[in-house]
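everything below, folded, please.
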Amino acid sequence: MPARDKVKTPVQHLSAQKLFERFSLESRNRSIEKILKTQKDLPKVSREKLELIRALKPPFKRFHGTKVPLPWFPFWLWRTQCSDKFGYLTPKAVRTATKLPFNATTRSLLQQLGHFMADPARAAGNDSTIPAGYTYFGQFVDHDITLDIASNLDAEQEATAINNMRSPSLDLDNVYGSGPALHPYLYLFPNSGPPTAIKMLLGTNQNMGGGGPGSAGGSGPMGTPTNSDVPRMPGTNTAVIGDPRNDENLIISQFQHAMLKLHNQIVDALLAAGFTGDVFLQAKRTVTWNYQWAVVHDFLKRVCGATRVDTALASVTAAPNSAFAMPVEFAVAAYRFGHSMVRDFYWINQAQIQASLADVFAFNRNPLLPVFSNWVVDFNAFFDTGFAAAVHNKAKKIDSTLAPGLDTLPGFTGLMAMLATRNLLRGAALGLPSGQGVAGHFGVAPLTAAQLKQGLSAEETALLDSAGGVLLTKTPLWYYVLREAAVLHNGDQLGPVGGRIVAETFVRILKRDPDSFLNAATPFTPSLPSATPGNFTVADLLNVARVTVP
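Numbering: from 1, shown residues only. Below is the predicted model of the structure:
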């Protein structure tokens, strides 16, 4: 056979010296300069975005209000016609007729109102009847369904132009990510037994002594937790989880850990039962459906009222896979009621009996990571689990007062005032209808001016009366929802406007999801262990996950 000619590659024609020159740092830099001269189409990053991007770093982990460039995300999340967007619940005519004008006067009024809501000189407010854990469960649920990284505070903007970077489904993508095939780093694959018996990875704790729940039903000494943290990257301690926002503070991070353990408990139960099918898929469905049930029949009924939730279940229609845009009346206003429920101090466990809100953030950041064993949360103090705890933390009332402790968070300055002001300005920029407008749309009597001002300081009342009383006739929807809860329900649940927005949005989310428990082929009733057979609460979830016992 004739000999084959040897084909030389381009680099084989170059001497070693030429190769060094071709791939030198100077050559690299010259090539980049050439690229920058020809490629000028990528958007500039504004000064505001640069500051917000810096806040993503592990020392701060500040995600609220963060804006990052859309091209950082996969194109299918924001470029295609199938990408999820925000939208509106109310008709355009209602919004146009009732929204605040977006001008300098309105911005000034809203900034002053935000200052009053966040004034550290105000009392922190009274406790509600709601266990404090629901504040953070609500945050966890929010991170399952919404992520806005593009809305604007400085100019009017249509919600339909803003991408929702989370799937608008209660599918626990903040736990499971895109699944073990695409996000294997979230998972622990079995070394033996069924290959589908895939568990969630857990983290470890720094040994600092006893923490978490007490023994003997909660009243005895604490153990020393060893695996009660989310998994973290070595060196940076960045959480390896489905949504980084679930590592924003100690309490939500510990709840994320509980969800990981819940999945693992269900996997163990399936193996013990000799299940021969897809263990991972069955475990995920079991976790997801019971979580969804708890959202509807525990969380929503607490914060919206059982009657409003039952009415939404009976009246809301949404076919599986039907079109949906996350309404900003929900995402930017009504569902932000949880900001007012934050406490200044929490009983974390028997060792941390008066942890400040600043501590709740600090003990979830370097150099205090992985989570110290003596800072592991005793969830018996946050939910009605049935196990003993020396203190049962209650959420603050749903009203127009934010916790003063929000002004003392690590690496933050003026967050509390900014949070309130940003919420108000974002609503105005998106052209949200007023509280009165939504009340009229729902056919319910709006709050009177006297009700809106009930119990407020003379200074805040004077602000509401100023500029012709525009804030009393076109009340910002978020502020209206908070005042409605405070005046009509003593801050223990949402009122007829806020409660209906929240309840109907969640029911629509579930009804349009072909995989939700509401669309089960056989009507779903929880059968996992629970305090009340046939029901399943967040407390039951934590008990099944076994994070309420040492």
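
can you give me the strands in the stretch 51-200 of the chain?
Shown for the stretch 51-200 of the chain, the strands assigned by DSSP state E, counting those that start in this stretch span residues 86-87, 127-131, 187-188, 199-200.

winner for burial among those?
strand 199-200 (a mean of 23; mean count of other CB atoms under 10 Å). C-betas here are computed from N, CA, C, even on glycine.

that one - contacts with which helices or strands?
On a contact count with 3 or more CB pairs under 8 Å, 6 or more residues apart in numbering; DSSP states H and E, strand 199-200 meets strand 187-188, helix 250-272.

which SSE is immediately downstream of the host helix or strand of Ala314?
For Ala314, the element it lies in under DSSP states H and E is helix 306-315. Using DSSP H and E, the helix or strand that follows helix 306-315 towards the C-terminus is strand 326-327.

avg pLDDT for that following strand?
Mean per-residue pLDDT for strand 326-327: 97.

what strands line up against that strand, and which way round?
Applying DSSP bridges, strand 326-327 is found paired with strand 86-87 (parallel).

quick one: the strand it pairs with to chain centroid distance?
Put simply, strand 86-87 sits 17 Å off its chain's centre (CA atoms, centre = their mean, to the nearest Å).

what's in contact with it?
For strand 86-87, contacts defined as CB atoms under 8 Å, 6 or more residues apart in numbering pick out 148, 159-160, 162-164, 325-328, 331.

rounded mean pLDDT for it, please.
96.

ok, now stretch 16-30?
Mean pLDDT, stretch 16-30: 80.

swap in stretch 342-361?
If you average the pLDDT over stretch 342-361, you get 96.

could you pull out the buried residues of that stretch?
Under the neighbour-count criterion of 16 or more other CB atoms under 10 Å, stretch 342-361 has 342-343, 345-352, 355, 357-361 buried.

repeat for stretch 272-285
Quick answer for stretch 272-285 (16+ other CB under 10 Å): 275, 278-280, 282-285.

would you list these in a markdown table and tack on secondary structure and distance to Lys394?
Shown next, in a markdown table, are those (DSSP: H, G, I helix; E, B strand; the rest coil; distance: CB to CB, whole Å):
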| residue | secondary structure | distance to Lys394 |
| --- | --- | --- |
| Phe275 | coil | 40 |
| Asp278 | coil | 42 |
| Val279 | helix | 39 |
| Phe280 | helix | 38 |
| Gln282 | helix | 37 |
| Ala283 | helix | 33 |
| Lys284 | helix | 33 |
| Arg285 | helix | 34 |
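
coming back round to it: list only buried entries from the contacts of strand 86-87.
Members of the contacts of strand 86-87 classed as buried by 16+ other CB under 10 Å are 148, 159, 162-164, 325-328, 331.

okay, among these, which ones form the most distant pair?
Using CB to CB, the buried ones among the contacts of strand 86-87 reach their maximum pairwise distance at Asn163 and Pro327, which is 14.8 Å.

hmm, Thr408 is touching Leu357, no?
Yes - the criterion here is CB atoms under 8 Å, and Thr408 meets it with Leu357 at 7.0 Å.
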